[in-house]
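# model this:
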Amino acid sequence: MADRALTVPLRLSEEERSMLRVLDGALAVSEYTDKVDVIAWRAKRSGLIIEQLADLCAVLSGLMLTVNRSTQKLIKGRQFEENGPFFQAVFEVGRRHKIMNPDKMRSNFGKLMFMLQDASQPDVQREMGFDIIRRVSTVSAELEDLGALELLEEPDLALASRSRAPADKADAKRAATARLLAKYAADDKPRAVRIERCILSMADDTALTEGHVRPVQQMLELLEAAFDRDKPERSGLSLQISVGRNGARLSHSHATQYAYVEQSLLLWREILSRLSLMWSLVEADMLDGVGYRLRDTGQGMHRVQSAPQVARFMHSMLGRLQSQVKGGWVGSAAVHLGDNDVPNALVWIDKYTQIPRILSPIIDAVRELDELAAAPGMDEYIRATFGTVDDCRKAILADFFKHGFDGSGADNYYDAGSCIDGRLTSAWNWCSKLEKKPYAHIFKMAGFVGFDGSFEK
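Numbering: from 1, shown residues only. Modelled structure (predicted):
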């Protein structure tokens with residue numbers, strides 16, 4: 001708990017939520033990256049960055065004055081430097097909200113991070129007169145300020161910070177929270193509010209982590225339940241793939257492909273189980289003041305920047321898993337970071353937080369097959385097209401385990417293949433071809449709309 005709390009962000013207060021709405025609105029109308037990320041302006045870039053930062057901050061100040069009286073006091077004057085603490089606070093709130101809600105601000109957050117990345121440059125800071133970046137507020141920092149770090153060692157905290165509890169355990173969770181509040185806040189109501197906020201923040205992090213890890217764990221269970229590790233049940237359910245067949249870039253026997261898929265899922269599970277740590281590493285790499293190169297990566301203009309903290313984390317996770325797997329590691333262990341495939345740490349975390357969006361629709365479709373088969377006409381359709389309901393389920397899973405992990409999805413073997421990043425590239429490539437699959441109707445009848453979700457909310 002103590003280690004987790006170092007990176008778990010603090011839940012937003014009501015005043016901070018007002019600040020978030022203002023920030024989101026200001027970012028929505030800002031043209032920061034459109035104007036700054038243009039190679040033609042490279043020689044004048046610092047001046048352009050400061051000009052655009054000043055424009056955005058002016059919009060933020062004006063909007064904040066219109067929200068309510070409690071937020072008006074945050075604006076101290078008309079000068080840019082006078083409102084430095086407010087700008088630090090509002091940008092920190094946006095980053096903290098994103099960490100706790102990875103599916104939110106999907107368009108605006110990139111704009112925010114690129115703006116702060118530019119603001120972290122020494123020459124820009126000198127011109128601005130202050131550092132616009134403030135560390136994200138965490139549970140550990142809040143408890144330290146309260147003199148209550150011992151709470152992280154309390155046995156009751158594990159129960160009080162559970163993400164959800166069955167009805168028969170909900171009372172126990174409430175009782176654990178009450179005991180912690182009585183011990184660390186007594187009759188001090190403002191202190192009790194802050195302590196409870198820390199407990200709820202830990203529960204938020206638990207729920208978020210479980211929401212990302214659960215689909216990966218469920219997919220591992222489906223792999224184990226539907227397929228034999230060493231040999232296929234029958235030829236139609238073989239996971240064998242060959243280079244050049246159905247777009248595959250790899251050649252694996254059934255057993256090798258089984259191990260390759262299993263190891264990929266295990267790696268995803270290990271990475272996603274450390275979500276708050278991942279975000280802290282991304283911020284450390286993106287906002288450390290080190291420059292970047294604006295370059296056309298083949299997927300448009302990107303800010304290409306090294307990510308040493310993320311690289312160490314990835315190699316640590318990979319090394320730990322490689323030492324545990326039986327039969328040796330299948331495929332390449334190359335990690336793409338700071339190149340055309342994964343230009344920077346922000347792109348890296350975006351790829352991994354999308355894993356639940358890839359896996360959840362597949363899991364929903366195969367698990368609802370029995371209910372779908374009970375609908376009028378569906379049993380006949382499934383039997384005529386696939387055989388039994390179980391045959392349909394295994395056909396969907398076999399196709400995903402083969403062609404969602406076949407090294408496809410790029411123009412060459414270096415950009416896809418069996419490297420760590422390439423495994424996700426192949427999975428997204430499979431998603432893009434779902435509508436052409438023979439079981440596409442099954443997905444739609446199971447309620448499937450799309451893998452990508454909404455960028456606006």
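# Centre of the chain to stretch 389-399, how far?
Relative to its chain's centre, stretch 389-399 lies at 29 Å (CA atoms, centre = their mean, to the nearest Å).
# pull the helix or strand with minimum mean pLDDT from this protein.
Lowest mean confidence among the helices and strands of the chain (mean pLDDT, DSSP states H and E): helix 69-72, at a mean of 57.
# which residue sits closest to L200, ignoring its sequence neighbours?
R11 (5.5 Å; CB to CB, 6 or more residues apart in numbering). For every residue, glycine as well, the C-beta is placed using N, CA and C.
# can you count the residues close to the one you found?
For R11, the neighbour count with other CB atoms under 10 Å is 23.
# from memory it sits against I199, does it?
No. At 9.7 Å, R11 does not count as touching I199 under the criterion of CB atoms under 8 Å.
# so where's the stretch 351-457 of the chain shaky on pLDDT?
Within the stretch 351-457 of the chain, the segments meeting pLDDT under 70 span 411-416, 453-457.
# That one: helices as residue ranges?
Counting by DSSP state H, counting those that start in this stretch, one finds helices in the stretch 351-457 of the chain at the ranges 355-367, 369-373, 378-385, 389-403, 420-432, 440-445.
# could you dump those to JSON lines with distance to N246 and mean neighbour count?
Shown next, in JSON lines, are these (distance: least, CB to CB, whole Å; neighbours: other CB atoms under 10 Å):
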{"stretch": "helix 355-367", "distance to N246": "18", "mean neighbour count": "20"}
{"stretch": "helix 369-373", "distance to N246": "23", "mean neighbour count": "15"}
{"stretch": "helix 378-385", "distance to N246": "19", "mean neighbour count": "14"}
{"stretch": "helix 389-403", "distance to N246": "6", "mean neighbour count": "20"}
{"stretch": "helix 420-432", "distance to N246": "11", "mean neighbour count": "22"}
{"stretch": "helix 440-445", "distance to N246": "16", "mean neighbour count": "17"}
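# roughly how far apart are the most centrally placed residue in the chain and Q217?
With the centre of the chain defined as its mean C-alpha position, the nearest residue by CA atoms, centre = their mean is T353, 2.6 Å away. Computed with CB to CB, to the nearest Å, the distance linking T353 and Q217 is 16 Å.
# And for G319?
For G319 relative to Q217 (CB to CB), the value is 22 Å.
# coming back round to it: buried set for the next helix or strand after the least confident helix or strand of the chain?
Downstream of helix 69-72, the first helix or strand assigned by DSSP states H and E is helix 84-100. Within helix 84-100, the residues scored as buried using 16 or more other CB atoms under 10 Å are 84, 86-100.
# ditto for stretch 287-296
So, applying 16+ other CB under 10 Å, buried residues of stretch 287-296: 287, 292.
# And it, end to end?
From its first residue to its last, stretch 287-296 covers 22 Å (CA to CA, to the nearest Å).
# neighbouring contacts of that stretch?
With CB atoms under 8 Å, 6 or more residues apart in numbering as the test, stretch 287-296 has contacts from 37, 39, 42, 113, 116-117, 120-122, 133, 301-306, 340, 343-344.
# Stretch 89-108 now?
Here stretch 89-108 has contacts from 9-12, 16, 19-20, 22-24, 27-28, 60, 64, 74, 109, 112-113, 116, 132-137, 204-205, 208, 275-276, 279, 283, 353, 453, 455-457, using CB under 8 Å, 6+ apart.
# for the residue nearest to the centre of the chain, what are its contacts?
Counting by CB under 8 Å, 6+ apart, the residues that T353 touches are 102-103, 212, 272, 275.
# From the residues you listed, keep the buried residues only.
Judged by 16+ other CB under 10 Å, buried ones among these: 102, 212, 272, 275.
# mind checking the SS state of the first one?
With DSSP: H, G, I helix; E, B strand; the rest coil as the basis, P102 sits in coil.
# And it, what's its pLDDT?
We have a pLDDT of 90 for P102.
# Need phi/psi at it.
Backbone torsions for P102, taken as degrees, to the nearest 10, come to phi -60, psi -20.
# ok, it to E221 distance?
For P102, the distance to E221 - CB to CB - is 24 Å.
# repeat for the second one
Here the distance between H212 and E221 works out to 16 Å (CB to CB).
# for D3, same thing?
D3 is 28 Å from E221, by CB to CB.
# would R303 count as being in a helix?
No. Counting by three-state DSSP, R303 is located in no helix; its state is strand.
# Got phi/psi on the residue nearest to it when sequence neighbours are not counted?
Excluding the flanking residues, the one nearest R303 by CB to CB, 6+ apart is Y292, at 4.4 Å. In terms of degrees, to the nearest 10, the main-chain angles of Y292 are phi -140, psi 170.
# In terms of pLDDT, where does Y292 sit?
In this model, Y292 carries a pLDDT of 87.
# how close does it sit to F400?
36 Å.
# Report the mean confidence score over the top helix by length along the chain.
For the chain, the longest helix by residue count, based on DSSP state H, is helix 189-226. In this model, helix 189-226 carries a mean pLDDT of 94.
# Buried by neighbour count: which residues of stretch 16-29 qualify?
Counting neighbours by 16+ other CB under 10 Å, stretch 16-29 gives 16, 18-20, 22-24, 26-27 as buried.
# Next: stretch 138-156.
138-143, 146, 148-149, 151-152, 154, 156.
# Next: stretch 244-259.
247-250, 252-259.
# just the helices in the stretch 151-300 of the chain please.
155-160, 167-184, 189-226, 254-272, 275-286.
# For A334, which of the ones you listed is the nearest?
helix 254-272 (13.1 Å; CB to CB).
# if you average pLDDT over the closest one, what comes out?
95.
# other SSEs contacting it?
helix 189-226, helix 308-324, helix 345-353, helix 389-403 (3 or more CB pairs under 8 Å, 6 or more residues apart in numbering; DSSP states H and E).
# quick revisit: same list (the helices of the stretch 351-457 of the chain) but as a markdown table, adding distance to V325.
Shown next, in a markdown table, are the helices of the stretch 351-457 of the chain (distance: least, CB to CB, whole Å):
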| stretch | distance to V325 |
| --- | --- |
| helix 355-367 | 19 |
| helix 369-373 | 31 |
| helix 378-385 | 36 |
| helix 389-403 | 17 |
| helix 420-432 | 14 |
| helix 440-445 | 32 |
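# which stretch among those comes nearest R162?
Nearest of the helices of the stretch 351-457 of the chain (CB to CB): helix 355-367, 20.0 Å.
# I'd like to know which of the helices of the stretch 151-300 of the chain lies nearest to K444.
helix 189-226 (19.7 Å).
# tell me which residues in that closest one are buried?
For helix 189-226, using 16+ other CB under 10 Å, the buried residues are 191-192, 194-196, 198-206, 208-209, 211-220, 222-223, 226.
# From the chain's centroid, how far away is that helix?
Per CA atoms, centre = their mean, the centroid offset for helix 189-226 relative to its chain is 13 Å.
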